[in-house]
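A.B. asks: Have a look; sequence and predicted model below, questions after that.
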Number of protein chains: 4
Amino acid sequence: MKVLFIGDVVGNIGVKMINEYLPTLKKDLKPQITIVNGENATSFGRGINKKVYKQIMSAGADVITLGNHAWNNEEIFSFISQTSNLIRPLNFPGKNVPGNGYTIVNINGKKMAVINLQGRIFMDPLDDPFQRIDQLLDQIENQVDMIFVDFHAETTSEKQAMAMYLDGRISALVGTHTHVQTNDYRILSNGTAFLTDVGMCGPYDGVLGMKYKNIIHRFKTQMPTRFEVEEDGGGILSGCVIDINNDGKATHINTIMINPDRPYQN
Amino acid sequence: MKVLFIGDVVGNIGVKMINEYLPTLKKDLKPQITIVNGENATSFGRGINKKVYKQIMSAGADVITLGNHAWNNEEIFSFISQTSNLIRPLNFPGKNVPGNGYTIVNINGKKMAVINLQGRIFMDPLDDPFQRIDQLLDQIENQVDMIFVDFHAETTSEKQAMAMYLDGRISALVGTHTHVQTNDYRILSNGTAFLTDVGMCGPYDGVLGMKYKNIIHRFKTQMPTRFEVEEDGGGILSGCVIDINNDGKATHINTIMINPDRPYQN
Amino acid sequence: MKVLFIGDVVGNIGVKMINEYLPTLKKDLKPQITIVNGENATSFGRGINKKVYKQIMSAGADVITLGNHAWNNEEIFSFISQTSNLIRPLNFPGKNVPGNGYTIVNINGKKMAVINLQGRIFMDPLDDPFQRIDQLLDQIENQVDMIFVDFHAETTSEKQAMAMYLDGRISALVGTHTHVQTNDYRILSNGTAFLTDVGMCGPYDGVLGMKYKNIIHRFKTQMPTRFEVEEDGGGILSGCVIDINNDGKATHINTIMINPDRPYQN
Amino acid sequence: MKVLFIGDVVGNIGVKMINEYLPTLKKDLKPQITIVNGENATSFGRGINKKVYKQIMSAGADVITLGNHAWNNEEIFSFISQTSNLIRPLNFPGKNVPGNGYTIVNINGKKMAVINLQGRIFMDPLDDPFQRIDQLLDQIENQVDMIFVDFHAETTSEKQAMAMYLDGRISALVGTHTHVQTNDYRILSNGTAFLTDVGMCGPYDGVLGMKYKNIIHRFKTQMPTRFEVEEDGGGILSGCVIDINNDGKATHINTIMINPDRPYQN
Ligand SMILES: [Fe+2]
Ligand SMILES: [Fe+2]
Ligand SMILES: [Fe+2]
Ligand SMILES: [Fe+2]
Ligand SMILES: [Fe+2]
Ligand SMILES: [Fe+2]
Ligand SMILES: [Fe+2]
Ligand SMILES: [Fe+2]
């Protein structure tokens, strides 16, 4: 079982990169399931709407995950409850959170749970991700063959700790949110594949996808500054590909990095 | 001109990795200058003392940089003022900060400034790193041929913004502090080499070098928990190597990653 | 029913103020129950130990509450489980937290629940205090006649929001943690008494009870600085007194403030 | 010399309270100078515009101070540079900050500097307020007879530390920003009047002036929630009055609190 995962799609260039490279990547890598984080996929880089949701699905995604920007485009409330392949972080508090925090996908007679979870260090105080994933795993781990977690979190410590905590109970945990791919892909001792952050898919010449002049203006003046998605220059696509055995253990993980300095080579 | 940089050395395994691999790396890569971040080099993973300072220098470092843990081992106050090759973040406030925030090294008739700078997002409110680096560059940029910055910061945004802000004025900026190497090495448009985080040098099986059981206990209970450096298992060494032209522009940057899953190969 | 509450007791001067004024206050005000926050009551200003616990009880407390410093003196683990009148924040996560987050006290045939709850804004990410207090109230509100909450939190917004959220379900909510008494005592529309922060009981001449020179040194240098409880100068005692009807509604709240500039007057 | 200070004016009810009570307060107290914090004075509770600026001045203010919301209404950029009696926090970084961080007012042949300063703990990383106030005092303290500081900051510790740090160099320091008045007015050992927070002037029935249902919704769901100024219910006016001698030392400070539960009484 091969899983292809693409990190936070940012703005128009992000969607363009998905359209341009996802079909090729799928042809070359032949994943059985493709998961894309779409929390920044609108042209403003905040949230997702129906149009970009459809574009990413059409380009080849099977499941779209989100993160702290899940609700930033209000259009999401009109369709997240009607689709099972768009999931938001599991650990938003309360009983009436729109949408689901996970989905179960059937792949060649096997079942894979795809879970979206959010960290708390330097982020909003959602429910404890450790407690919430424990509860969910208790509930579903006997019903599924493989479990994949997109852990949307800021710090390396929270992401490493969660991966080691879940090592052996899940097939793979990859981080998202920092928009920069890390170079620490590995299979942990008990068979869980791990990558601290997959990185983003969008403009190559901004700061996390946003125009760098605005970001620097904010840092230098501490005055309110409108952040705008970079619309010029090249694009980057960051992803990873993971092999999972029939017993749910990961056997291999590697990163994908396409950008003007590292053009795609099969 | 080739620069070899090794990220945050953590605890005894970190020092052991330096002793084991730094001589080999220097023999194979032939850098003219070797810089090591030593902010976690004591056996407790906090600060630096004279013994480990000497060990890292003996193993082949030319300059040692620090970070937010600079002052966590009080022994540093007894020797930082007597050595020019141990530098602490430039932007600690006030006029009486022990030690220096940069040093100028002579290499084959060329002068390289090595600067240590610290970020503020989700960190202590030091002086504004943008203002302080501007002031320092105004003062020294005409006196030196190359400028290397170790920017010790938490977030990817602050590190990317600083690199783009300084692009063309400095030869290279590499990030430290998150202890996880990023996979985004590049030469920016105006000739500055950049890597968001170099990663750490120390235990492979902990969380950022610390025993993972303690870290998970803290996350799960929010009770006071003593963090201890992992003393067992394999070691990781994270670094990068940068080529800089005589005009101070970088021409090449690449990462170094040695760990049990990726053994050293020349 | 009259409740006397004294805010965070800090260090030796704090315990001395309790010994000096609590008997007099009880004689003059004749409360049926006296509650003291003791999270800083050791001589180091961090946590509580058996000796100061006994001193505060002997001086006239019926219940002692805690806060984010609950566990900072390890001695607490040896006795918190054996006493029902020392309570710690309800919303520490997990199922094995030592001690209890509330206690029920019998007063003249009436039952009062005393609850300790902790906020999260700019504090550790405990479990959501809104969810946890909801669950507890669902469980106990039919068994008790009055409910008193010590909400240990940093921001005025979280404390005001919690008070308005619980207005009518509880008899009183008072804040602790900032160590400065607020001047906003009031009875909310549905009968809950509220005071954003009760203030502290300890040294008058420090910063929140700590020697001000150390605090200023830390602010000015951002270097590690040992904070020490102020042992000299006068003392302050901050409290409040609340009247509660038999139906559990509060009818009156007022503050108590004793310090060298405002000596005690009955 | 008597100074009247009114804390953060919030929205329409805030301006209404100013119109209703400021003339009366001035008639009864006869201050020589009246200072009002106007950082939330627009109907949205964010920033200030020309209309409300004029209303507050017409009602009797001599100087208006601001805070972290200084720039939230863009209209301010059109007039802050043309007026000397509207000041913004001194320690915004950079050399091109619009407006001034202080003003010097002539009162009966005496000169009073009014300074606006902002804290950093749990706030944006402006320039170090300790360094910046030191520099300003070095520059102006010999030119003025009295110095008044509005220190806009979140934590009690930063406000207390700053007051003790400046004790004897300035006539008075009052805090703003938390919107809740504290009950710790005092004259420090060397003659500086101090109050941790003056409190707000606006709606009595909201959370810090905002509709409490929205605030609670945000706390309970962690979903994006639009905060709206409370437009119904009663009003609160929080202030303080300070007497300063000709030598610049304060001799007396007291609080002003007007709300439906504590109607104005001269
Ligand atoms: Fe993102
Ligand atoms: Fe995110
Ligand atoms: Fe480090
Ligand atoms: Fe660090
Ligand atoms: Fe406390
Ligand atoms: Fe506390
Ligand atoms: Fe305000
Ligand atoms: Fe404010």
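C.D. replies: Looks like it came in fine. Residues are numbered from 1 along each chain as shown, chains lettered A, B, ... in the order given. Ligands and ions are numbered 1, 2, ... in the order given.

A.B. asks: For the stretch 1-150 of chain A, which residues score under the pLDDT cut-off?
C.D. replies: For the stretch 1-150 of chain A, no stretch is flagged by pLDDT under 70.

A.B. asks: Strands of chain A, residue ranges please.
C.D. replies: Secondary structure of chain A by DSSP state E: the strands cover A:2-6, A:33-37, A:63-65, A:102-107, A:110-118, A:146-152, A:172-176, A:186-187, A:193-195, A:201-203, A:235-244, A:250-258.

A.B. asks: what's the closest of these to residue C:204?
C.D. replies: Closest approach to residue C:204 among the strands of chain A (CB to CB): strand A:110-118, 44.2 Å. (Each C-beta comes from the backbone N, C-alpha and C, glycine too.)

A.B. asks: Not counting that closest one itself, show me its contacts.
C.D. replies: Strand A:110-118 has contacts (CB atoms under 8 Å, 6 or more residues apart in numbering or on different chains) with A:1, A:3, A:33, A:35, A:63, A:65-68, A:87-92, A:101-105, A:126, A:129, A:132-133, A:136, A:140, A:143-153, A:162, A:171, A:246.

A.B. asks: now the helices for chain A?
C.D. replies: For chain A, the helices defined by DSSP state H cover A:11-29, A:50-58, A:129-140, A:156-166, A:212-221.

A.B. asks: tell me the most buried of the ones you listed?
C.D. replies: Stretch with highest mean neighbour count among these: helix A:156-166 (a mean of 25; mean count of other CB atoms under 10 Å in any protein chain shown).

A.B. asks: Residues contacting it, please?
C.D. replies: Outside helix A:156-166, the residues within contact range by CB under 8 Å, 6+ apart are A:117, A:119-121, A:129-130, A:133, A:137, A:149, A:151, A:153, A:173, A:175, A:182, A:188, A:192, A:194, A:196-197, B:178-180, B:207-208, B:212, B:215-216, B:219.

A.B. asks: one step back: of the contacts of strand A:110-118, grab the buried ones for PyMOL.
C.D. replies: Restricted to buried positions by 16 or more other CB atoms under 10 Å in any protein chain shown, the PyMOL selection for the contacts of strand A:110-118 reads:
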select buried, chain A and resi 1+3+33+35+63+65+66+67+68+87+88+89+90+91+92+101+102+103+105+126+129+132+133+136+144+145+146+147+148+149+150+151+152+153+162+171
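
A.B. asks: circling back to that earlier point, any idea which of the strands of chain A is most buried?
C.D. replies: Mean neighbour count (mean count of other CB under 10 Å) peaks for strand A:201-203 among the strands of chain A, with a mean of 31.

A.B. asks: does ligand 2 sit close to it?
C.D. replies: No: figure legend: strand A:201-203 not in contact with ligand 2 (CB under 5 Å from the ion); closest approach 12.6 Å.

A.B. asks: now that strand: mean pLDDT?
C.D. replies: Averaged across strand A:201-203, the pLDDT comes to 98.

A.B. asks: so how far is the first residue of stretch A:206-216 from its last?
C.D. replies: 11 Å (CA to CA, to the nearest Å).

A.B. asks: What's the local residue count around residue A:123?
C.D. replies: 18 (other CB atoms under 10 Å in any protein chain shown).

A.B. asks: Quick one: residues contacting it.
C.D. replies: Taking CB under 8 Å, 6+ apart as the test, what residue A:123 contacts is A:68, A:153-154.

A.B. asks: Residue A:102 pairs with what?
C.D. replies: Applying DSSP bridges to residue A:102 yields these beta-bridge partners: residue A:115.

A.B. asks: let me fix that: residue A:259
C.D. replies: When assigned by DSSP bridges, residue A:259 has beta-bridge partners residue A:262.

A.B. asks: Could you measure from it over to ligand 5?
C.D. replies: Residue A:259 is 50 Å from ligand 5, where distance means CB to the ion, to the nearest Å.

A.B. asks: So that residue is in contact with residue A:239, correct?
C.D. replies: No: with contacts counted by CB atoms under 8 Å, residue A:259 stays clear of residue A:239, the gap being 11.9 Å.

A.B. asks: Kindly state the beta-bridge partners for the residue lying closest to residue A:170 once chain neighbours are set aside.
C.D. replies: Nearest non-adjacent residue to residue A:170, counting by CB to CB, 6 or more residues apart in numbering or on different chains: residue A:147, 4.1 Å away. Beta-bridge pairing for residue A:147 (DSSP bridges): residue A:113.

A.B. asks: List the contacts of residue A:147.
C.D. replies: Residue A:147 sits next to A:112-113, A:115, A:137, A:140-141, A:169-172, A:248 when contact means CB under 8 Å, 6+ apart.

A.B. asks: show me the residues around the closest residue to ligand 6 within the stretch 51-200 of chain A that make contact.
C.D. replies: Residue of the stretch 51-200 of chain A nearest ligand 6, by CB to the ion: residue A:125 (17.2 Å). Under the criterion of CB under 8 Å, 6+ apart, the neighbours of residue A:125 are C:120-121, C:125, C:128, D:222.

A.B. asks: And for residue A:139?
C.D. replies: With contact set as CB under 8 Å, 6+ apart, residue A:139 has no partners.

A.B. asks: got the contact list for the residue most central in space within chain A?
C.D. replies: In chain A, the centroid-proximal residue (CA atoms, centre = their mean) is residue A:37; its distance is 3.4 Å. Contacts for residue A:37 were tallied using CB under 8 Å, 6+ apart; they are A:5-9, A:64-67, A:150, A:152, A:176, A:198.

A.B. asks: gap between it and residue C:240?
C.D. replies: Residue A:37 sits 49 Å away from residue C:240, going by CB to CB, to the nearest Å.

A.B. asks: same thing with residue A:107?
C.D. replies: Residue A:107 is 62 Å from residue C:240, by CB to CB.

A.B. asks: Around chain D, pick out the residues from the stretch 151-266 of chain A.
C.D. replies: For the stretch 151-266 of chain A, the contact set with chain D under CB under 8 Å from any CB of the partner chain comprises A:220-224.

A.B. asks: Name the residue of the stretch 1-150 of chain A that lies nearest to ligand 3.
C.D. replies: Counting by CB to the ion, the stretch 1-150 of chain A gets nearest to ligand 3 through residue A:121 (15.8 Å).

A.B. asks: isn't that residue right up against residue A:154?
C.D. replies: Yes: counting by CB under 8 Å, residue A:121 does reach residue A:154; the two are 5.9 Å apart.

A.B. asks: Look at the two and report which has more neighbours.
C.D. replies: residue A:154 (22 against 15).

A.B. asks: OK, contacts around that one?
C.D. replies: By CB under 8 Å, 6+ apart, the neighbours of residue A:154 are A:119, A:121-123, A:177-178, B:122, B:155.

A.B. asks: What is the nearest of those residues to residue C:81?
C.D. replies: Nearest to residue C:81 among these is residue A:121, at 30.0 Å by CB to CB.

A.B. asks: that older thread, can you put the contacts of residue A:123 in JSON lines and add distance to residue C:49?
C.D. replies: Formatted as JSON lines, those follow (distance: CB to CB, whole Å):
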{"residue": "A:68", "distance to residue C:49": "41"}
{"residue": "A:153", "distance to residue C:49": "37"}
{"residue": "A:154", "distance to residue C:49": "37"}
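
A.B. asks: Closest one of those residues to residue D:14?
C.D. replies: For the contacts of residue A:123, the closest approach to residue D:14 (CB to CB) belongs to residue A:68, at 32.4 Å.

A.B. asks: so the closest one makes contact with residue A:153?
C.D. replies: No: with contact defined as CB under 8 Å, residue A:68 does not reach residue A:153; the gap is 9.3 Å.

A.B. asks: Next, show the common contact partners of these two.
C.D. replies: Joint contacts of residue A:68 and residue A:153 (CB under 8 Å, 6+ apart) are A:118, A:123, A:177.

A.B. asks: distance of the first one from ligand 1?
C.D. replies: The one in question is residue A:118. The value you get for residue A:118 to ligand 1, if CB to the ion is used, is 11 Å.

A.B. asks: Against chain B, how distant is the closest residue to residue A:40 other than its chain neighbours?
C.D. replies: The shortest distance from residue A:40 to any non-neighbouring residue, by CB to CB, 6+ apart, is to residue A:10 (4.4 Å). Separation of residue A:10 from chain B (CB to the nearest CB, to the nearest Å): 13 Å.
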